[in-house]
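Student: Just to be clear, the model below is a prediction. Sequence and coordinates:
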Amino acid sequence: MNQNHIGQRVKALREARGMKQDDLKDLLGLNSRQIVSQIESGARRLSAGELVILLKHFDTTLDRITNPFLLTGKSAFSWRQRNVAQDQLSAFEELAGEWIGAYRALSDLSSTRVSKLLPNTRLTYTNAYEDAAHVGETVARQLELGDKPAFDLSSVMESKLGILVLMVDAINGISGAACQLPELDAVLINRNESFARRNSDLAHEFFHLLTWNVMRPAHVESSIATWEDVPRAHRTPTADRNQRIEQLADHFASGLLLPSWSLDRIGKPSGDAAQWLTEAAKFLGVSSRNLKWRLINSKRCPELASVQEGDLIAAGRAQIDGPRSEEKPLLFSRPFMKTIAAAIEQGHLSGQRAAALLRMERSAIGDLCDAYGVQRPVELGGRCVVDVETTSA
């Protein structure tokens, strides 16, 4: 365990309690505040006695002090959720943070992660929604997302931008999250949502990563329905600003997933408008509602404003009743599992520790490696691959 990590944990625990370094000095019976500074910077080790005092005072466990994968400091997450209890969200955030922290630490050891510059949107929260949609389309062109951006966005974010995209089994009410760290950007998507919803959430969270330093999103995003239920007299300027950022994110996502060339490809509505929207939306990997409003807002098909939400729901239900082609994506992602497998194989992570980290049986981890086409570690039942050149030498 790196002493810097322990020092960061101690500092995070102290700050969370509102303690100053002098308070920690007195607690540990140290001679000066400078020693506390040395502990928190990793320059000085904690003694066994000092560690026991800290665990008791902060009512924590040894693992929370020594676990190198736990994220520390102020929250770097922004959650897209609805009606999730704070204690449940905090617990899931800690778990998700450990996955991201593990990927960050283990990919550094194997030098498999490369940080890349993200596109500069030049947007601020004062921009018009049309500006956000235009920038979304521009980014789709820059990243060469093709005619159906929704189908390639995840892989392009990973391969071209070095963003970690994880498909997870989130608790009910959470659809996605963005996580911004100095060394890594990540997005979590609830893999139990529909294909269209996953794509929309991914594009939405992508916006937050691109604009984090200019328009940092709220830790917990409020749904539009929740926001509109609040009387205007009770809304704060901060809440209004945050909600505008979320709406800009939605318009950016619309332009990113439905650029003009994609709309050209589907042509004009014909026949039953609700059914046409449903079929065209499925072709493009988006929801019929998002496609409808993109066509209206772009002034291509203003007549679609007459299509009612109930009509879209009925058309979608009729499609669901037919043969189901949509499959739930695999857990996590290939880059993530490749990093985990390499860490196990190289001895940086034990199979038992990996099972605890991923909340999976060891055999299930091996099966997931197989599903992704990643070499299963020997410890998890994989074949021992012999380097012929090394053996001959």
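Tutor: Yes, it's here.
Student: Tell me if I'm right that Pro119 and Gln142 touch.
Tutor: Yes: look at Pro119 against Gln142 with Cβ atoms under 8 Å: they come within range, at 5.9 Å. (C-beta placed from N, C-alpha, C; glycine too.)
Student: Tell me where the chain is predicted with low confidence.
Tutor: 1-2, 73-75, 109-115, 222-235, 319-326, 385-393 (pLDDT under 70).
Student: quick check: domain ranges of it?
Tutor: Under the assignment automatic domain parsing, the domains of the chain span 3-66, 334-392.
Student: Any idea which of those gets closest to Val307?
Tutor: Proximity to Val307, assessed across the domains of the chain by Cβ to Cβ, is greatest for domain 334-392 (38.7 Å).
Student: can the domains of the chain go into TSV with extra columns for distance to Leu291 and mean neighbour count?
Tutor: Formatted as TSV, the domains of the chain follow (distance: least, Cβ to Cβ, whole Å; neighbours: other Cβ atoms under 10 Å):
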stretch	distance to Leu291	mean neighbour count
domain 3-66	44	15
domain 334-392	29	16
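Student: Out of those domains, which gets nearest to Val165?
Tutor: Closest to Val165 of these, according to Cβ to Cβ: domain 334-392, at 8.4 Å.
Student: So in the protein, which helix runs the longest?
Tutor: Longest helix in the chain, counting residues (DSSP state H): helix 86-110.
Student: Can you list the neighbours in contact with the helix or strand following it?
Tutor: Downstream of helix 86-110, the first helix or strand assigned by DSSP states H and E is helix 129-142. Applying Cβ atoms under 8 Å, 6 or more residues apart in numbering, the external contacts of helix 129-142 come out as 119, 121-123, 149, 203, 207, 210, 247-249, 251-257, 259-260, 294, 297-298.
Student: Please list only the buried members of those.
Tutor: Among those, the ones that count as buried by 16 or more other Cβ atoms under 10 Å are 121, 123, 149, 203, 207, 210, 248-249, 251-257, 259, 294, 298.
Student: Tell me where this structure has strands.
Tutor: 77-81, 164-168, 174-181, 184-190, 220-221 (DSSP state E).
Student: can you tell which of the ones you listed is closest to Ala105?
Tutor: Minimum separation from Ala105 across the strands of the chain (Cβ to Cβ) falls at strand 184-190, 10.1 Å.
Student: Take the buried ones among the contacts of helix 129-142 and keep only those in helices.
Tutor: Those of those lying in helices (DSSP H): 203, 207, 210, 248-249, 251-257, 294.
Student: out of those, what pair is the most spread apart?
Tutor: Leu210 and Arg294 (19.4 Å).
Student: Spatially central residue for this protein, please.
Tutor: The residue lying closest to the centre of the chain (Cα atoms, centre = their mean) is Val187, at 1.8 Å.
Student: What sits closest to that one if chain neighbours are left out?
Tutor: By the measure of Cβ to Cβ, 6 or more residues apart in numbering, the closest residue to Val187 outside its immediate chain neighbours is Glu205, 4.5 Å from it.
Student: still on that earlier bit, got CSV for the strands of the chain, with distance to Arg44 too?
Tutor: Below are the strands of the chain laid out as CSV (distance: least, Cβ to Cβ, whole Å):
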stretch, distance to Arg44
strand 77-81, 31
strand 164-168, 33
strand 174-181, 26
strand 184-190, 28
strand 220-221, 37
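Student: what's the closest of those strands to Glu40?
Tutor: When the strands of the chain are compared by Cβ to Cβ, strand 174-181 sits nearest Glu40, at 19.1 Å.
Student: and the angle from the closest one to helix 86-110?
Tutor: Strand 174-181 and helix 86-110 are oriented at 50 degrees to each other (axes from the mean of the first three to the mean of the last three Cα atoms, to 10 degrees).
Student: Let me see the residues that make contact with strand 174-181.
Tutor: Strand 174-181 has contacts (Cβ under 8 Å, 6+ apart) with 71, 76-82, 84, 89, 92-93, 96-97, 100, 104, 170, 185-190, 193, 197-198, 201-202, 204-206, 208-209, 212, 217.
Student: In ChimeraX, select just the buried ones from those residues.
Tutor: Buried residues among the contacts of strand 174-181 (16+ other Cβ under 10 Å), as a ChimeraX selection:
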select :71,76,77,78,79,80,81,84,89,92,93,96,97,100,104,170,185,186,187,188,189,190,193,197,198,201,202,204,205,206,208,209,212,217
